[in-house]
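# below is the sequence, then the predicted model.
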Amino acid sequence: MIGSRTRDQLEFFVCGSLRELVPDDHILARVDPVLDLGWLRAEVADLYAPGVGRPGIDPEAAVRLMLAGFLLGVVHDRRLMREAQVNLAIRWFAGFGLNERLPDHSSLTRIRQRWGAERFRRIFERTVQDCVTAGIAKGEIVHVDASLIRADVSWDSLVVRHVEAVRSANDDAKLEAEAIRHTRNSKKTGKFKKVCPTDLDARMATNGRNRRLEPSYKQHGVVDDVFGVVLEVEVTTGETNEGEELLARLDAAEKTTGVKIETVTADAGYAYAKIYGGLERREIAAIIPAKTEPIRSPVPMRRFRYDAKHDVLKCPRGKKLKAGRAVKHGRFFTSRARDCRRCDLAHLCLSKGRVNKAVVLGDDYPALLRARRRREKWSDEDRDLYQRHRWRSEGYHGEAKTWHGLARAVRRGLQNMRIQAFLTAAAVNLKRLAAALNAGLAAVLAVAGKFCAILVQLQPEIGRVRTQA
């Protein structure tokens, strides 16, 4: 017999909590036990005037709504609030009853503007500290990487930077210096490079030479080695070189966790002398593959020998080059003209019109040399650790973009992008913490089950002992 059902569900009342209608394996039901926002009200209390105006949204409820969106991949406010109207799990997670009116989507925007990015950073940092307390993040071995995030702008909004027009129309010295700096005629840099007037914080960048430039931001992340907990995250413009942020991100991660970093892994994009030198000064082991020196001259730089003890550089024929004037991140080393005049390599070594050799060595050039020698002696453990970097650090960026909406900026502006990155990283950490908690409970239940099984087997023996007693 074919069954039938009427569609007029006239419910008089619903008895019980909405939690009973949410499956136990739902992501929000798993995250709720590990999410503690009881401290948040005191944190933002100074932003509200007590006794003035209409009652605002409960801070914890607002953050729970935002986190629910990032956990479920619904990152746009309008779509999130439409989903929350019919999604019992979101209503229960945020603390709203079945018949209660949900906030307007614009209220979440005003909350972000009022709180600022730094308070959302504190929410993320609390998830890191909870993971450290739970023992799923050690903070001793970390993996560092960066990825581009497409800005929320259209291709039609991009315009070409007209340097000459700006320079002729403005007498400001700052604009003059900026124009001069961008006068190279490359399509990826200079006056032909496109800019986006609708989002001035976004910059044209690319992650490959064979790919076109896109208006982007760049996220820098530090991931723990044990469970992949995100220890630190920051967002910059797309043009920022990732090497400029590495040391600052490591210092911030140590401050958040309170643990000294012992080893850091990164890809060859971070293989700079200043990075190796900064890590050595912090006594951090670097598992970063050093780049081989590019050969751009018949007499490459690798044939010169630097004596760090006496601070002199020797050419392939053993002549000394003395340190001269300082430049940004390095110094000039120059040879004597009479030494080069008698050298048989002068026609290959010297540039046209030069009578002596002049090279620039970075401030941390000895650290780069040590890193190159150390790369040749990597142990099997070092290679395994570098392989883990791929699916720990790069895996986090892929997870955030695929499942939590970080592939594209939701809102415009650097501060909005930072808030999105902080909430995404907090959502990922809560997932890690919930998974570890569930795994721990499963292990405890498994041990308890084995213990009960042993008791059942021993019950006849226990009864016999009692009878004899």
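Received it, and whenever you're ready, just let me know what you need.
# mind jotting down where the helices sit in the stretch 301-450 of the chain?
For the stretch 301-450 of the chain, applying DSSP state H, counting those that start in this stretch gives helices covering 337-341, 346-349, 365-375, 380-403, 414-468.
# of the ones you listed, which is nearest residue 153?
Proximity to residue 153 (CB to CB) singles out helix 414-468 among the helices of the stretch 301-450 of the chain, at 12.1 Å. From N, CA and C alone the C-beta is placed, and that goes for glycine too.
# now do the contacts for residue 202.
By CB atoms under 8 Å, 6 or more residues apart in numbering, the contact set of residue 202 is 151, 153, 196, 215, 216, 217, 237, 238, 409, 412.
# nearest spatial neighbour of it, skipping sequence neighbours?
Using CB to CB, 6 or more residues apart in numbering and skipping residues adjacent in sequence, the residue nearest residue 202 is residue 151, 3.6 Å away.
# quick check: phi and psi at the one you found.
Backbone geometry at residue 151, expressed as degrees, to the nearest 10, gives phi -70, psi 160.
# so which of the helices of the stretch 301-450 of the chain is the most packed in?
helix 365-375 (a mean of 18; mean count of other CB atoms under 10 Å).
# for that helix, packing partners?
In terms of contacts (3 or more CB pairs under 8 Å, 6 or more residues apart in numbering; DSSP states H and E), helix 365-375 is packed against helix 273-281, strand 305-307.
# lowest average pLDDT across the ones you listed?
Across the helices and strands packed on helix 365-375, strand 305-307 has the smallest mean pLDDT, namely a mean of 85.
# touching that one from outside, list them.
312, 313, 314, 361, 365, 366, 369.
# what about residue 322, how many residues nearby?
Neighbour count for residue 322, taken as other CB atoms under 10 Å: 12.
# follow-up on the earlier one: where does the residue nearest to residue 202 sit relative to residue 401, distance-wise?
14 Å (CB to CB, to the nearest Å).
# same thing with residue 246?
Residue 246 is 21 Å from residue 401, by CB to CB.
# same question, residue 125
Taking CB to CB as the measure, residue 125 falls 22 Å from residue 401.
# what do you get for residue 263?
Note on residue 263: its distance to residue 401, by CB to CB, is 26 Å.
# before we move on, what about residue 107?
Distance from residue 107 to residue 401, counting by CB to CB: 27 Å.
# give me the residues contacting stretch 362-380.
With contacts defined as CB under 8 Å, 6+ apart, stretch 362-380 is touched by 271-274, 276-278, 280, 286-290, 306, 308, 329-331, 386.
# quick check: phi and psi on residue 146?
The phi/psi pair for residue 146 (degrees, to the nearest 10) is phi -140, psi 150.
# name the nearest residue to it, ignoring sequence neighbours.
residue 242 (4.0 Å).
# restricted to strands, list the contacts of residue 202.
Of the contacts of residue 202, the ones assigned to strands by DSSP state E are 215, 216, 217, 237.
# which of the contacts of residue 202 sits closest to residue 23?
Distances from residue 23 to the contacts of residue 202, taken as CB to CB, are shortest for residue 409 (32.3 Å).
# and for the residue nearest to that closest one when sequence neighbours are not counted, the neighbour number?
Leaving aside its chain neighbours, residue 409 sits nearest to residue 152 (4.3 Å; criterion: CB to CB, 6+ apart). Per other CB under 10 Å, the neighbour tally for residue 152 reads 18.
# please, where are all the helices along the stretch 151-300 of the chain?
Ranges of helices within the stretch 151-300 of the chain are 163-169, 173-181, 246-257, 273-281, based on DSSP H, counting those that start in this stretch.
# for the last one, packing partners?
If contacts are counted by 3+ CB pairs under 8 Å, 6+ apart, helix 273-281 sits against helix 246-257, strand 285-287, helix 365-375.
# now do 10 Å
Under the contact definition 3 or more CB pairs under 10 Å, 6 or more residues apart in numbering; DSSP states H and E, helix 273-281 sits against helix 246-257, strand 263-265, strand 285-287, strand 358-362, helix 365-375.
# quick one, the longest one and helix 273-281 angle?
Spelled out, it's helix 246-257. In terms of direction (axes from the mean of the first three to the mean of the last three CA atoms, to 10 degrees), helix 246-257 departs from helix 273-281 by 30 degrees.
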